[in-house]
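**Q** Sequence and predicted model, in that order:
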Amino acid sequence: MTARVVTRQVLTHLALAVGGVVMLAPFAIMLWTAFVPERLVFGGAGLGDLTLENFRIAVRESDWLRAYRSSVIVAAVTFASQLLTCLPAGYVLARHRFRGRSLALGVMFGCLIVPGMVIAIPSYVMISRVGLLDTIAALVWPGLTSAFGIFLFRQFILTLPQSIFDAARMDRVGEFGMVWRVVLPNVKPAIAAFGIFSVVSSWNDLFWASVVLQSSANATVPFAITQFADQEAGVRYGAQMAAATLAVAPLIVAFLLAQRQFVRGINLNVAD
Amino acid sequence: MTLRIRQPRAGLLLVPAYVLLALTVVAPVLVVIVLSLFDYDPLLGTADFVALDNFGRVLSSDEFGRALVNTAIYLILTVPVTLTASMLVALGIHSLSWGGTLWRNVYFLPVASTLAAMAVAWRWLFYGGSGVVDATVGRVLGVEDWLHSTTLALPAVAVVGTWENVGFAVVMFLAGLSAVPPQLLEAARLDGAGAWSRFWHVTWPALGPAVVFTLIITTRNALKVFDQVRVMTEGGPVNSSTTLSYLLWERGIRFLDVGGGSVITLVLLALILGVTAIQLGTVGLRWERAGTR
Amino acid sequence: GGGDDSASGEPSGAATDAPVTVDVLIPDTSTNIVNPAFEVLTPEFTDRTGTTVEFVNSGGDYGAVEERILAARVAGDLPDAAIISSASIRTYVDAGLAQPFDPLMEADASYDPATAEPALLDFGVYDDQTFGLPLTASWVVMYYNADVFRAAGLDPDDPPATFTELEAAARQIVDSGAAPSGLAFRFADDPNMWRLQNVVASAGGALMNDDQSELTFDDPALTGLVEFLAELAADDVVSLYDSTSIGEAYFRGDVGIVFDASSSARTHAEGAAFEYRIAPYPVLDDGDDRVLLAGGASIVMFTDDPVRQQGVWEAVRELIGPAGGTAYEEEQGGGVVVLDKSANAAVADEHAALALTAGDVADFAPMFQFPGRSAQEIWSILGDEILAALQSGKDPAQALADAEDAAGSLLP
Amino acid sequence: MTATSPALSSSVRTETASTPGVTCRNLVKRFPDGTVALDDVDIECPPGGITVLLGPSGCGKTTLLRCVAGLEQPTAGAVLIGGRDVTRVDAGLRGVAMVFQNHALYPDKTAGGNLAFPLKMAGVPKRERVRRVAATAELLHIDGLLERRPSQLSGGQRQRVGIGRALVREPDVLLMDEPFSSLDAELRVEMRAEFLALQRRLGMTTLYVTHDQIEALSLADQLVVLRDGRIEQCAGAEELFRRPATSFVATFLGGMNLLTGTHRDGRLSIPGRPDGLTLPPSLSAPDGVVTVGVRPEDLRPGPGRDDDLSLELTPVLTELLGRERLVHGTFGGLRVKVRLHADIAVGERLIVHASAADLHLFGFDGTRLQEAA
Amino acid sequence: MTATSPALSSSVRTETASTPGVTCRNLVKRFPDGTVALDDVDIECPPGGITVLLGPSGCGKTTLLRCVAGLEQPTAGAVLIGGRDVTRVDAGLRGVAMVFQNHALYPDKTAGGNLAFPLKMAGVPKRERVRRVAATAELLHIDGLLERRPSQLSGGQRQRVGIGRALVREPDVLLMDEPFSSLDAELRVEMRAEFLALQRRLGMTTLYVTHDQIEALSLADQLVVLRDGRIEQCAGAEELFRRPATSFVATFLGGMNLLTGTHRDGRLSIPGRPDGLTLPPSLSAPDGVVTVGVRPEDLRPGPGRDDDLSLELTPVLTELLGRERLVHGTFGGLRVKVRLHADIAVGERLIVHASAADLHLFGFDGTRLQEAA
Ligand SMILES: Nc1ncnc2c1ncn2[C@@H]1O[C@H](COP(=O)(O)OP(=O)(O)OP(=O)(O)O)[C@@H](O)[C@H]1O
Ligand SMILES: Nc1ncnc2c1ncn2[C@@H]1O[C@H](COP(=O)(O)OP(=O)(O)OP(=O)(O)O)[C@@H](O)[C@H]1O
Ligand SMILES: [Mg+2]
Ligand SMILES: [Mg+2]
């Protein structure tokens, strides 16, 4: 590496660090608060005051293992189902011309923008009619497919060279094979990105869960956070932040695991 | 793009996704559309057909006008900043030969975090007088106590919204960047293109579909912003940060005004569809085509 | 399981002791409300009564409960009962959803209404029928930062008792630089404007006329309060009106005086890094009669199935009886009043300053609620107009008049 | 001689009953922007034979292959495989394999993965797959590279993977678009021989695009010359070379020199050479505008005999082609190339001659006029 | 003669003072997976001259160009342009243009946009840009296609756009990676001539990769043969063709037949032909394993004279190459190719001879042994 390159790299790191401070500031507060006794949350705490008490409270007042389990199940089922449905749809919308294509695209855009709370009550009624309230099935129901995912995959499939589709058709790849054997390996970075959003949003979703969950048997992770923000009795900031820390930790681990997919760009141009 | 031959089986691939969309989204929305024509009392269970009364009532109200304006302001405050900042960050991270992982994580954290907890932290950052924002930006610009100012509350919400969305856009752009053909960058390098030209003539076109996606999604996120408003300001002070989505929730759920809420839903849908169509029509399709291979 | 289904023709008495499972919707994040319920409605209780209580989590506090009731109502599967904010009982009564407890109370020979605080028993009474029974009742008290008082040259042992004194104290706090805000007054996100209602009620005012057909936002007490606040707001002595802002500023020591629920005494004890005191909520004028408007939780019943009603009643009886009462008192450290007299008598003296006289308890009144389904919207309109007076300098009287105009049409 | 020239002979080709021929009927392809890439193309590719497509860059060769493959829907006309109209049949169902001009490898798969993929799709069991991939890789000399991804291969290596991917399936119909263009001469000769042997053994009907004249002549059972989307001539290799139907074909294949002028009484007057050129009497040219064609290698140094055509050229450039030298000269306003042995010295003037038998005569519209004696 | 053979002669080349030479010093390139693509390569490209790189597929030609361009960082060694060490200099600052083997066109720009891009980057004003793009497009016969996007072009058209993009800049150093591989023979000859004229006029130092022997011989001021990342021979075209330094070069350029056997007393015993081969006495071969090389075109029919090498072959395959025929035969266990005029009949046995002057002698390690008389 030449000196120029090194300088540029260092400058880039510096610039990213400046932005990083902004990005991390709330987290610094979160962590600090989580480790500080409730009484000292609003000032006066020093390094010597740090305590695990908040975590103890957070752990005591929720069944984290169960919450993690429910959340992992919901996130996994949701992601799997979205991948299975969105990738084929995205592929067809990107690479096929057929009658009704504009309509399909329009429906996708329409669905993309519907706020969750608009459909919450009708969906609740539907779920309750089929007797699925308070089940994992109810939790995953609205996330079984995702217009967001269809759109995302469509966009990334657009950037794949047409020649690989041609080649695959000559190799007698059917439409299903096209999706799973040709598209999938080539849009791994997009799948990683989508996976992250899918998992994050089902992991953090409180709204729908709070609509269809009844018992705490299937309570997901966000429930563990809200219970410390009691309007009547006041907010227990330390415990809330400790819970928030516990909630986000698995996501960060998951993200670290997904990293490789981002880094590994495929040299798509070899096929021109 | 060459004309693809129609494939009978290809349509089948759309079926699972679209059936589910129809059940989970389209059907509920149709219900909402119907409800907009009724005065529906969910508690009493009564519904009177009122034709377009709900529309007249809601659309002419001050709060609706304010929410519309606020939503527009929020859109303008967040989308351009989000896209520019995240593009810069993504390019920065992408150009690093080591340490990129660290920054990827840093910028991703807000996406993963629980907004409820983060809102607390943000409120403390915006805390009047002694908060970090007032102590730094406030000193320079002479403004303070954003969250309790009728002019600055919405920008404060916008800051949080941007903060959350930057991570999303960075992830998208990084995924897009990994698909930019390196040969083209090499060719441009030899053609004497500097970093900016290489970006503008190779990377940007190749990113086209990803940019269109991110643009439309961040726009959508901005137009239907709710959580940030709810946890930061609850629409206040004096409705100065009430957005359409917040109003929708307030009307349709808190105030039990289902008809009014449905009207706002429809307005919101129309608005987002309209903006999306405009975006696609002006730049979207062009950018998309540039990166389509 | 819903309350609407299976109104079987079984004679009610026969089913009294049949095992039954009832579901009760709870504000599960309000731990101080639900934890005692969990403690009391145990398997032991089930063995004893044959009634199993299944708690249905709302995933939030009172607001979430109401949203959930709404959804369940639309879906036609209301829970058998719900723990809701005491102030909201009327909404469900007006909608005809809440079922009266009176037949059950009367039929239950073992229950003696005399053990209950009469004032509290009245909370859910509409048209002489009891639609809701309070589990706890808290009241508004004044919390103040003794350190700030001292820094401002005020005597922490002599807290303001009227709004006139309050104004003086608040101004002194700000003028002396002891804290940026003298006092804070929450109503922006206070669902029923508890603090505001209290002032108005203590001054003998009302927000609606006697036959509840018209709004009376020109009530002198209300106007007086808004004018009072507007003056202070104009001088930046008061500037915070929502709970989170107030809480955060108060715990930082940036607000001298706040008005908070008696039940949050524990939070103050845990969270305040400074010396704080508790005093009664000031009255508008010397002559005012301090009225304690109760906040807190009540239970309402939605099921009309006799068997299930019986089950609900058994659970309710347990909750409002000595066991439940004691559990609530312990949970709250004495910051609440419960229906059961004996439990109130045995109140823990954790927060001595909160101790109520018997007269206070007798004067307990439920919060006012507007009739009909638009109640929340009316509160919201009133809040917005008052905020406009405080923050944008709108004339208070005009603001209230506008609020009355706008909200009037929302009455049923 | 144990094997003859590859000219179609049933003794060599294992033409099984199942080998289908490929027929294009009045194929027209107009792209959305209006470009007409194929204009009424009729081709009959004999089952089990090699049909070589030749033509200038952009004449529609690739488009034709893509239409046959089913990757492009013709605007009009039909494609028949084995007599069945497959115009509307999906590409994957036509039993056709294709070597793409740009290789079109799967970027995410290794070279080995690329080779194995069509077999996987055809449901060939693992063991058999491994065997066939290994055999194909060996044939193409890429056996050491199977673990590499396309981006880690050289251009020629990629091309060979692309060829392998088509061959490994042993398809009924094989379309090859300039398959050996990135290979060195040595390897190309070898590959060509290997391919020919394989093709003769398996008998797949092949459409083969090439720009290499030697390849074209040595492989073709049938040679098709395309020009601007139309067929200029379709014939056997030898026939096409010896009797090009048009002056275009003549220049295109073998780079024939064309001497165009106005003929009258055995003299051809040529622009810039008013004195003209005396045509051999045996060449019975009509009066008017005619073109006399002669190949560079048919021009020999010296004035020649009476019945020969004799030219005096002004050399402008010479190029060494190994043992030979290509001399570019002018004759009046015309350019004439001559191929001479490298040792022959070239002076200021070069006199060359060609025997009448080596002359080709074309009319004003470029079509062949007479038969060389 | 107005223009001579392109062999380097200062009278022809406009070698200005500014034209920089390109030097590679001990260049080594090892890819992360361990592949050594270049192994100690030393090349001196004369300023303003054309250096042609030849070598089998995968030998490292493209890698070498990429190292010179700065697209690949060599593992060891240095690249000098105009005497300046540019090994660490950014690709964009080396003043080098490159024609990529896979074209690497900007997919979102039209052909015209692709051509204009380097000029835009160089800050050439609009008018001048338009002029130069038009001129370049005309040169390459793509003037009608400037509005099309790469995906709407044929392979050869794309390649020409790629060439144009490099030429339009009139760079100091030009790297061309098989630039004409997708063009038809006719066009290729024309392009080659145009390019040569342009190169001579502008005098850019050129590194040129090709697999076309004619192209190599006719363009090269200097010819470099690479093999497995090493230089096998570096010399002028004529020299390299006439006196290949190794048997590898000999086979590679011109496809020489190699007769390897054990020599003793003027007889070469060859596997499968124990009676062996009588070598011409003038060929003073040492005893032991030697290789006699002879080109297919140097083998003439008939038994020849005494001092000639005479062979009796068994033909196994003949290929028609236009006017000539390539006969593949065996001599014992060896394969021998002979190039004959197409009219010569080939029987069961073919006796051919080569004059001693056309024979090349290589030692057991493949290096050249003697001088052809
Ligand atoms: N990125 C890479 N990683 C590993 N090996 C590589 C990589 N790129 C090229 N190679 C190998 O390096 C060798 C030289 O490749 P190069 O592209 O220079 O060959 P070439 O001479 O241009 O061949 P061709 O004539 O086929 O284009 C080849 O064996 C190739 O497989
Ligand atoms: N998608 C397209 N849209 C418009 N014109 C096209 C398209 N594809 C090809 N063409 C044009 O059609 C003609 C035929 O193209 P084709 O690729 O078949 O040529 P080719 O004979 O294969 O040439 P080459 O030898 O250069 O590969 C060309 O003029 C080309 O520019
Ligand atoms: Mg082609
Ligand atoms: Mg190469």
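**A** On my side now, so go ahead. Ligands and ions are numbered 1, 2, ... in the order given.
**Q** CA atoms for contacts and neighbours, from now on please.
**A** OK.
**Q** dump the residue contacts of the closest residue to chain D within the stretch 51-200 of chain C.
**A** The nearest approach of the stretch 51-200 of chain C to chain D comes at C:Gly59, 45.8 Å away (C-alpha to the nearest C-alpha). Residues in contact with C:Gly59, defined by C-alpha atoms under 8 Å, 6 or more residues apart in numbering or on different chains, are A:Leu206, A:Ala209, A:Ser210, A:Val211, A:Leu213, A:Phe223, A:Thr226, C:Pro27, C:Asp28, C:Thr29.
**Q** Show the buried residues in the residues you listed.
**A** A:Leu206, A:Ala209, A:Ser210, A:Val211, A:Leu213, A:Phe223, A:Thr226, C:Pro27, C:Asp28, C:Thr29 (16 or more other C-alpha atoms under 10 Å in any protein chain shown).
**Q** now these as a markdown table including pLDDT?
**A** A markdown table is the format used below for the buried ones among the contacts of C:Gly59 (pLDDT from 0 to 100):
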| residue | pLDDT |
| --- | --- |
| A:Leu206 | 81 |
| A:Ala209 | 84 |
| A:Ser210 | 79 |
| A:Val211 | 80 |
| A:Leu213 | 81 |
| A:Phe223 | 81 |
| A:Thr226 | 78 |
| C:Pro27 | 88 |
| C:Asp28 | 81 |
| C:Thr29 | 80 |
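**Q** check these against chain B, which are close?
**A** Of the residues in the buried ones among the contacts of C:Gly59, proximity to chain B by C-alpha under 8 Å from any C-alpha of the partner chain holds for A:Thr226.
**Q** Next step: the buried ones among the contacts of C:Gly59 restricted to helices.
**A** Of the buried ones among the contacts of C:Gly59, the ones assigned to helices by DSSP state H are A:Ala209, A:Ser210, A:Val211, A:Phe223, A:Thr226.
**Q** Closest one to ligand 1 out of those residues, please.
**A** Closest approach to ligand 1 among these (C-alpha to the nearest ligand atom): A:Ala209, at 49.3 Å.
**Q** For A:Val221, see how far away the closest one is.
**A** Distance of A:Ala209 to A:Val221, computed by C-alpha to C-alpha, to the nearest Å: 10 Å.
**Q** Excluding chain neighbours, what is closest to whichever residue of the stretch 151-293 of chain B sits closest to ligand 4?
**A** For the stretch 151-293 of chain B, the residue closest to ligand 4 is B:Gln183, as judged by C-alpha to the ion, at 13.6 Å. The shortest distance from B:Gln183 to any non-neighbouring residue, by C-alpha to C-alpha, 6 or more residues apart in numbering or on different chains, is to E:Ala104 (6.0 Å).
**Q** and the one you found, that one's in a strand?
**A** No - if the criterion is DSSP: H, G, I helix; E, B strand; the rest coil, then E:Ala104 is coil and not within a strand.
**Q** and whichever residue of chain D sits closest to chain A, what pLDDT?
**A** Proximity of chain D to chain A (C-alpha to the nearest C-alpha) peaks at D:Gly92, 4.0 Å away. On pLDDT, D:Gly92 comes in at 83.
**Q** And for C:Val316?
**A** Per-residue confidence (pLDDT) for C:Val316: 90.
**Q** any idea how far it lies from chain E?
**A** From C:Val316 over to chain E the distance is 73 Å, taken as C-alpha to the nearest C-alpha, to the nearest Å.
**Q** Please, where are all the strands along chain B?
**A** Remark: strands assigned in chain B by DSSP state E are B:38-41, B:46-49.
**Q** related to what we said a few turns ago, quick one: which of the buried ones among the contacts of C:Gly59 is nearest chain E?
**A** For the buried ones among the contacts of C:Gly59, the nearest to chain E is A:Leu206 (43.7 Å; C-alpha to the nearest C-alpha).
**Q** Quick one: name the residues of chain C near chain A.
**A** C:28-32, C:54-61, C:64, C:68, C:71-72, C:74-75, C:77, C:243, C:247-248, C:251-252, C:261, C:263-264, C:266-267, C:270-273.
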